[in-house]
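1. this one's structure only:
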């Protein structure tokens, strides 16, 4: 149940939040997105099949399997969406929306994952009619978090008026301190299309709004699994997230990362509460990735779908700006989420590209990083402070969660504090001047390069490389070219803001922007 003290009243049908909304949220461990920059694929004017048709003449590689290659859609439309972060800490709530841009109905798996180890805390099946939009709100409860909605689109199970509370059933084998519902208050979200629904089928008619309301009589597990008129996912979804602190007078948003080209043997329909389909791609035929880098188009074959998905998000460096003031008024948070990490670290040994297994006692799985900051006067410093909690088997800086928040200056953009030493967050002290305070107030700011130094941070496949920058046209390296992708699969964004501490929320603000990345493929 929602904590009655929160008095959370949301009217999504009018697109407004009640003035009585009393929010308690925050920003700490985390999980998340990247957007159009995720890969600069030259697909703006191409559909997926059209791209491979155009490449078919380049070599024999672009035959059967290549037509089902997975990529991050730079136009923001996809079969799967990753929302890099949600939080309900420190006065925040998180609003979500998903849009079906197509003229056919869709069945979508909506999955909420906590930020430490990507364990599912809730899922349900969502049915979007043609051109439909669904909206929801992640809000705090007395112990954890809940999902609320006033949207009329069909879901199974139906979301109660008081919300569907997040659950901790999938991490009860961790240490007792890691089993609390508090762990559900931060994380990220996946929405994965399970099927395209024919509009003239019984299910299609059932989920289509008539007078603004669908019937929702055939969306039970048994009816859905047995439904006719289901075809493989066709994509065309986009989504957004908004982190809102109404009492603090701050709000900022981000785009969901759109993954396309997953390819399916048949529609991967599952009952509500099933942990599939997921990005590991049960029933997926996509074991090929498409990535552009430095004027080259890399088409790479992998042993499994999860490696293909990871390759589309592999980066060896993360770049971004930061700003903070020592009086705590201005601060910046970076969100860095690794949406495929759990597929590699939940076992007895870690699998590349990740470095360490999930530690069920200490609640971390750490990957080493180096941080090099450059202030606005070109002073360069290497940060020697360690993230918290310190990894049991590592020294120096490390990212230890599926979703990580790095806080610059000890204040978050939404007014929450990520204090170094907290057991719930990853934080760093001011990175300028090797951690020393900046002597002149108002001059705190610069940019940071985060490099993955984990020696296992690489995965290898084979494929072909098409160079598009030559004066005589595209040239192609032969089929079977070895390719090693360096770094880790990450998405994310930065939030900056100011809290003027006057007691007047009208003087507070926040904004967000995408982080920047580099790739190394050789």
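-> That came through fine. Predicted model, so just to flag it, every value in this text is computed and none were measured.
2. those strands in the stretch 401-522 of the chain, which residues are they?
-> Under the criterion DSSP state E, counting those that start in this stretch, the stretch 401-522 of the chain contains strands at 403-408, 445-452, 458-467, 475-476, 481-486, 488-489, 491-498, 509-514, 516-518, 520-521.
3. among the ones you listed, which is the most enclosed?
-> strand 403-408 (a mean of 30; mean count of other Cβ atoms under 10 Å). From N, CA and C alone the C-beta is placed, and that goes for glycine too.
4. next, the angle strand 491-498 makes with it.
-> 30 degrees (axes from the mean of the first three to the mean of the last three Cα atoms, to 10 degrees).
5. now do strand 403-408 against strand 445-452, angle only.
-> 150 degrees.
6. sheet-wise, list the partners of strand 403-408 with their directions.
-> strand 330-337 (antiparallel) (DSSP bridges).
7. for the partner strand, buried residues please.
-> 330, 331, 332, 333, 334, 335, 336, 337 (16 or more other Cβ atoms under 10 Å).
8. against residue 406, how distant is the fifth one?
-> Read it as residue 334. To residue 406, residue 334 is 4 Å away according to Cβ to Cβ, to the nearest Å.
9. now the first one
-> Per Cβ to Cβ, residue 330 is found 16 Å from residue 406.
10. confirm residue 182 sits in a strand?
-> No: in this structure, residue 182 is helix, not part of a strand, as judged by DSSP: H, G, I helix; E, B strand; the rest coil.
11. okay but it is in contact with residue 143, surely?
-> Yes: shown here, residue 182 and residue 143 form a contact pair, counting by Cβ atoms under 8 Å, at 7.0 Å.
12. what is in contact with these two at once?
-> Common contacts of residue 182 and residue 143, defined by Cβ atoms under 8 Å, 6 or more residues apart in numbering, are absent altogether.
13. so for residue 325, what's the pLDDT?
-> Per-residue confidence at residue 325 stands at 76 (pLDDT).
14. how far away is it from residue 356?
-> 35 Å.
15. the two: who's more crowded?
-> Of the pair residue 325 and residue 356, residue 356 is the one with more neighbours under other Cβ atoms under 10 Å, namely 21 against 18.
16. so that one sits right up against residue 365, yeah?
-> Yes: Residue 356 lies in contact with residue 365 (Cβ under 8 Å); the separation is 5.4 Å.
17. mutual contacts of these two, please.
-> 345, 350.
18. tell me which element residue 103 is part of?
-> Taking DSSP states H and E as the definition, residue 103 sits outside all helices and strands.
19. around it, how many other residues sit close by?
-> Neighbours of residue 103 (other Cβ under 10 Å): 9.
20. give the contact list for it.
-> Counting by Cβ under 8 Å, 6+ apart, residue 103 has contacts 130, 131, 199.
21. identify, by residue count, the longest strand of this protein.
-> Assignment by DSSP state E gives strand 186-197 as the longest strand of the chain.
22. for that strand, what is the average pLDDT?
-> Confidence over strand 186-197 (mean pLDDT, whole number) is 97.
23. that one pairs with which strands, parallel or anti?
-> As assigned by DSSP bridges, strand 186-197 forms pairs with strand 80-87 (antiparallel), strand 105-114 (antiparallel), strand 230-231 (antiparallel).
24. the closest residue to residue 283 other than its chain neighbours: neighbouring residues, count only.
-> Counting by Cβ to Cβ, 6 or more residues apart in numbering, residue 268 is the residue found nearest to residue 283 once chain neighbours are left out, at 4.4 Å. Using other Cβ under 10 Å, residue 268 has 23 other residues around it.
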